[in-house]
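A.B. asks: what follows is a predicted structure for the sequence shown.
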Amino acid sequence: MVCSSWLAFLALGLIRASPAWAAENGIESTTKVAADALIIECENSEARESVAKAVEASGGTLRHVYNSNYFNGVSAVLPKLTTVGDRKAFLKNLKGVRASWPAQSITQAPEATTQNQPEDKPDVPEGEKEKPGKKPEATSKTAKRRHPLSRRADDDRVESPWNHLMTHVDKLHEEGYLGSGIKIATVDTGVDYKHPALGGCFGPGCKVATGENFSNEGDKKDPIDCSGHGTIVAGILAGYNKADGFVGAAPNATIMAYRVLNCQAEGSEDDMIAGWLKAKEDGAQIIISSIGLQGENWAQRPLAMVAARIVASGVPCVAGLGNIRDNGLFYAMNPSTGRGVTSVNSFSRAYVALEQRGEYSIGNRSEPVDFTFEPRRGLDDWDGEWRPVHDVDADFGDKPDDDLSRGKEVPTRIDFWAELEENCKLSPGNSGTGFAQDLVGHIALIRQTPETKDCHYYDRVQNAVARGAAHILAWQDDPVVVDIRPQDANGVRAVGITGADVGRAMARALASGQPVTARKIGRVRIETGRIAKLSANGPTWELDIKPTIGAPGQDVPVTKRGGGYGFDSGSSFAGPLVAGVLALMAEVRGTFDPALLNSLIMSTAEPQSDDGRPITVAQQGGGLLRAWEAAHATTLVEPGALTFNDTDNRVDSIALRINNTAKTEVTYQLANLAATTLYTFGRDPIRPGAGEAVAPPADIKLSQASITIGAGQSATVDVSAIDPSGLDPKRLPLWSGWVSIQGSDGTNLTVPYLGLGGSLRSAAVLDPASHLTSLAGSEFILGDPPEGQKPGPSKGITSSPDAIRGRTMSTSFELVLGSPQVRVDIVPLDMCPTPAPVNTASVGARGLASFARRANATEPDLSQACVPDSIVTEFAGVKSIGQLPGYPQHYARRRRVHVDWSGAFAPGQYAPPGRYKLVARALSIMGDAANETHWQTVESPVFSILYKHNVKPAQENQPVDEDNWRPPQTPEEEAAYLANYIAQHPEIFAPAAGTEDAAAAGGAGDAPAAHDSS
């Protein structure tokens, strides 16, 4: 695929320069290439030691030495090797170097808006706060089983938060599975281990028992968190504080904290690798990292490879999918893209529900009536104690069935005492000398929109508080959580709101003289979710199913750095819940086998729908996590997910093995549960979008629709797939779904599958449209090279009066999809044979002068400039003097690329003056680099380059006058003349450029002064 229009050229100084090798960029605006850091992987320990010595001998600094079975090598800063070519040459001379990468820098991408409310506390049962320094241990009550929604006053457990109820984590807690004895490592911003829910101390015997600081600031032995993200992760994972009513997924697990970001939440990829490897070395049984490189979407990047290797060793690794949903499909975060890594996407609650469940009793009625209500954060100290209800509205003269449609609008904020004194004329319970304390121990029932003149809901709240009420239950037709703050109503412990049906029923009963009592009994279990608004999308470019699973991550209760609590959102906070669940599963099943645990959470998850249509597997993986079901499943499936690839590479059939580990025979019914098919390309025909939903699903064929498997036996069902009919393959329809497995023993499993209609290899990788081509055909006068050759005749070349002068020129192109390899070749348009070197010893000074006169007989013209063919190489049919600095790039992500170029194509070598074009080539996804047809190409307009020293005033470009020339008179003068002339004309006298080594360096894109600003 060739396009003749493309690259943008700008006269520079506009984009800040950085080392050329930094051109291989990381992730969107939240990452950039770390300056002067290189990750080097070695084949063995001997090679690593040799490389380390060579780094130090070259004046470099070792940042990390990776002495691990999972990554052997170093990361280093090489300040004296100032160009990519220098570094390549350095590495080329070392034995045992397997690969190298620039270390990308990482800035923690923003999550959803954080509600930092240290004064807010989740529901708090009475209990004694643990002393700092003591590892808090959660307890469970398994002797007395009850409905999981219930909570009674005699239950001293911390009440489960909504995200535990949604995922059935609470059921495992009730059975006594709390992650005891399991070591879970966090690779993040560290942990505020001083937090009461995180143990209050650091070291052996503490909840945060070990760790290390790789952030390059602070004490290396102290992983204290100073930016907050890691503390949130640790709390969701394993926090526990009974007094504050907080519980994490695995509250008795031991946390290992590896800090890899500084106080500004910034770090480097090589620091993250060090943290992962140290966690493995220290014996972590599960590793969770909620930070990474957004949108990389390849499994072959170094961080993803390290995580995958640790998984292959038997340690489950968990990572978030990412938070950039707007970039459409195929935008997963590294390291969640690693093979076998548990990739997690974020769910929110499917609907805004009244969160708490209560019950009220009227008169002597023996059967309480259930109701739901919403607590106000920070004023949610509802417990299980029965309290009498008092109708405050009746004291103000209102009746339950009054029509309040013309009632005054409730103000959003008010000074209660001022309103009570100045506007509201009624004051029930006020004898004139003070308020009666008749509402102590009562629940004050108040309608939120009363009609009584000048006595708003807020006035009535303040009246109730003045009379001793500490619990307020509001009601109205459209419940909205009321804005009552502690400073507004001193003494209020709990505020909630319920619907009109509940409030009116209570008020009617009280009006008829019947007593009403009420209490809270637990949270409402919301069973369904939807994809959180920020969540990213899979799959990977090789169509591996990512995410693996979905879990609640939006508006979840969290621990805050500094000792507080709040609510936060992001896939970062879905991941630690899954990591904690893996710990509980390992406790139940006695194994940490990553493949088994991944298969279990995927097959027992519940696929979620949006507007009645199942959400694509590319967004939810197996579905919404079901912890209890995964821990106790007796039917196992292998593999846990089915990937059919694209149409070009279609997997004809996949054998799905079903293993019945139960003690009885089970008959299984199999069926296809199709998810929504999405077009990869929407209105934009070449860039992935959010996914336009289309109706036709794939045609899934099962070799058996029903199968009976004996106890302890297994059987295989073959699954095949045909692309949906009637869809446009050029838009790459991404289809997915689940193989549903229903067992006669109540088993309910779903195995996700995914495939792509059309050809990824044929999809456009490079945007063929032109970008900023207003300077097409321009002539650029570049700055003189800072070192090495000064190309071109020093006597000067005529330049165009409108030539663009600057230190560099800029090129621009766009990768609209990822690519396994990207090249940008410098292609000369005028080539000529390399001139034979002049033998200065035999020519002599007068002969040399004659040669110079002939060379300058006429003023050189740019159109006559040419490139010696000795420096030209050829790759896939394109003749080139080399590549732009920083190229080739491997496993590149999609992005717009801007590269500055100073004319260099190899270490110390610069392109001769002349006419050129740049040819960008990207290998198609799933393409073969040896096949020329698998490369896609875009070309720049033709342009010309000169260097500052090429351009001379006209009078200095005159031919030498032989008649008036005075030859050197002494041997010393002749030697000086020859030396000076040779120095001025290296293109004539220097040995021929373009040796094999130089060509190799140029082909690798090794040159200074380039900057990829994507």
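C.D. replies: Alright, I've got the coordinates. Residues are numbered from 1 along each chain as shown.

A.B. asks: quick check: phi and psi at Val651.
C.D. replies: Per-residue torsions, Val651: phi -80, psi 120 (degrees, to the nearest 10).

A.B. asks: center of this protein - which residue?
C.D. replies: Central residue check for the chain by Cα atoms, centre = their mean: the C-alpha nearest the mean position is that of Gly322, 3.1 Å away.

A.B. asks: which residues of the stretch 801-950 of the chain fall in helices?
C.D. replies: Applying DSSP state H, counting those that start in this stretch to the stretch 801-950 of the chain gives helices spanning 840-855.

A.B. asks: any chance you could map the strands in it?
C.D. replies: With DSSP state E, counting those that start in this stretch as the definition, the stretch 801-950 of the chain shows strands at residue ranges 804-805, 809-815, 819-828, 831-832, 867-868, 873-875, 878-880, 889-892, 895-901, 904-906, 909-910, 914-923, 935-939, 943-947.

A.B. asks: that older thread, ok, the residue nearest to the centre of the chain - contacts?
C.D. replies: Listed by Cβ atoms under 8 Å, 6 or more residues apart in numbering, the contact set of Gly322 reads Ala109, Gly292, Gln294, Gly295, Tyr331, Ala332, Met333, Ser336, Ser535, Ala536, Ser571. Just so you know, the C-beta spots here come from the backbone N, C-alpha and C atoms, and that holds for glycine as well.

A.B. asks: for these, which one is nearest Met831?
C.D. replies: Proximity of the contacts of Gly322 to Met831 (Cβ to Cβ) peaks at Gly295, which lies at 40.1 Å.

A.B. asks: re earlier: rebuild the contacts of Gly322 as TSV, extending it with distance to Ile945, neighbour count and secondary structure.
C.D. replies: Written out in TSV, the entries for the contacts of Gly322 read as follows (distance: Cβ to Cβ, whole Å; neighbours: other Cβ atoms under 10 Å; DSSP: H, G, I helix; E, B strand; the rest coil):
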residue	distance to Ile945	neighbour count	secondary structure
Ala109	39	24	coil
Gly292	40	32	coil
Gln294	36	26	coil
Gly295	34	24	coil
Tyr331	37	27	coil
Ala332	40	33	coil
Met333	40	29	coil
Ser336	43	34	coil
Ser535	47	28	coil
Ala536	41	31	coil
Ser571	47	32	helix
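
A.B. asks: which two of those residues have the greatest separation?
C.D. replies: Based on Cβ to Cβ, the longest span within those runs between Gly292 and Ser535 and measures 14.4 Å.

A.B. asks: rewinding a little: which of the strands of the stretch 801-950 of the chain is buried the deepest?
C.D. replies: Comparing those by mean neighbour count (mean count of other Cβ atoms under 10 Å), strand 904-906 comes out on top with a mean of 29.

A.B. asks: hmm, which helix or strand of this protein has the shakiest average pLDDT?
C.D. replies: Evaluated with mean pLDDT, DSSP states H and E, the helix-and-strand set of the chain has its lowest mean pLDDT in strand 10-11, which scores a mean of 32.

A.B. asks: the domain parsing of this protein - what is it?
C.D. replies: The chain is divided into the following domains under the TED database: 37-103, 162-350+526-632, 357-404+435-518, 634-759, 773-832+864-950.
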